[in-house]
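A.B. asks: Provided below for reference: sequence and predicted model.
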Amino acid sequence: MKIFISADIEGVTGITTWEEARKISSEYQYFAQQMTKEVAAACEGANEAGATEILIKDAHGTGRNVDQSYLPENTSLIRGWSGDPYKMVQGLDESFDAIAFIGYHSYGGSNENPLAHTMNSSLIDYVKLNGEYCSEFLLHAYLAIYLGVPIAFLSGDRGICHEAKKFNKNIITVPVNEGKGSSTINIHPNKSIELIKNGMEEALKGNLSKNKVELPKNFSLEIRYNFHGNAYKNSFYPGAVQKSPKSILFEANDYFEIMRAASFLI
């Protein structure tokens, strides 16, 4: 069984402020370690379920956060960013039996996590896909479905777990924290590791044919920027139109075109 894992940091246990997510901060190392532990737990659960090969995309910031020496030896880790339009799931293709998302967080515009954002908090206010607020999970979940890969598991804040269940009720989720204003309420970090391991194993032992959804026939991607100049500039991307002083709209029938546009516009 071949498994793909996409890992972020703003949804790992305990994380609450931007300083804790930034590599230059003295507070960062603890949370990079927790991110590594949660990814390792997911890998261990996958192996218990019979995984033979696991590909992990380190998908936070620099893409250089996870310490691979703590991961099982049947893992491969993608570090850094190639510019691939698949972004946080670079390397995913039709050969994978399932995908999991670790350390994921709520969308830009949400109040479910103090660190809620979509892709680029300094550039983007929010993103909408087919009229609904779009999280990093949703953006890449549709890509997984486009490729025919079932979505097995997600861990992160309570808001993104709720969103994953709304996307497909058969996705196993583990909420490790809950946002309240600028604070978070967290389960014990050791408990999160146990729950992620067990949840991943349960997910991969289940009937993954139920973990797919039907793709919409058409897609509209709305991006609202923090600065109006970015909306004006990016409205010149082929097919994009300016919707308001700070937002643009791009429409396509092929989801790959949405991912390609996102690579240039977000």
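C.D. replies: Arrived safely, thanks for sending.

A.B. asks: Would you mind giving the domain segments of this structure?
C.D. replies: 2-110+135-210, 219-265 (automatic domain parsing).

A.B. asks: residue boundaries of the strands in the stretch 101-250 of the chain?
C.D. replies: Listed in chain order, the strands of the stretch 101-250 of the chain (DSSP state E, counting those that start in this stretch) span residues 124-129, 132-133, 151-157, 172-180, 183-186, 219-225, 240-244, 247-252.

A.B. asks: Tell me which of the domains of the chain lies nearest to Val127.
C.D. replies: Distances from Val127 to each of these were compared using C-beta to C-beta; the shortest belongs to domain 219-265, at 5.4 Å. Every residue, glycine included, has its C-beta placed from N, CA and C.

A.B. asks: for the closest one, what is the average pLDDT?
C.D. replies: In this model, domain 219-265 has an average pLDDT of 98.

A.B. asks: Regarding it, how distant is the last residue from the first?
C.D. replies: Here the two ends of domain 219-265 are set 16 Å apart, with distance taken as C-alpha to C-alpha, to the nearest Å.

A.B. asks: Spit out the contact partners of the nearest residue to Ile102 once chain neighbours are set aside.
C.D. replies: Here the nearest residue to Ile102 in space, its sequence neighbours aside, is Ala7; by C-beta to C-beta, 6 or more residues apart in numbering that works out to 4.5 Å. In this structure, Ala7 makes contact with 35, 38-39, 56-60, 65-66, 101-103, judged by C-beta atoms under 8 Å, 6 or more residues apart in numbering.

A.B. asks: so can I have a markdown table of the domains of the chain showing distance to Ser122?
C.D. replies: Output for the domains of the chain, formatted as a markdown table (distance: least, C-beta to C-beta, whole Å):
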| stretch | distance to Ser122 |
| --- | --- |
| domain 2-110+135-210 | 10 |
| domain 219-265 | 7 |
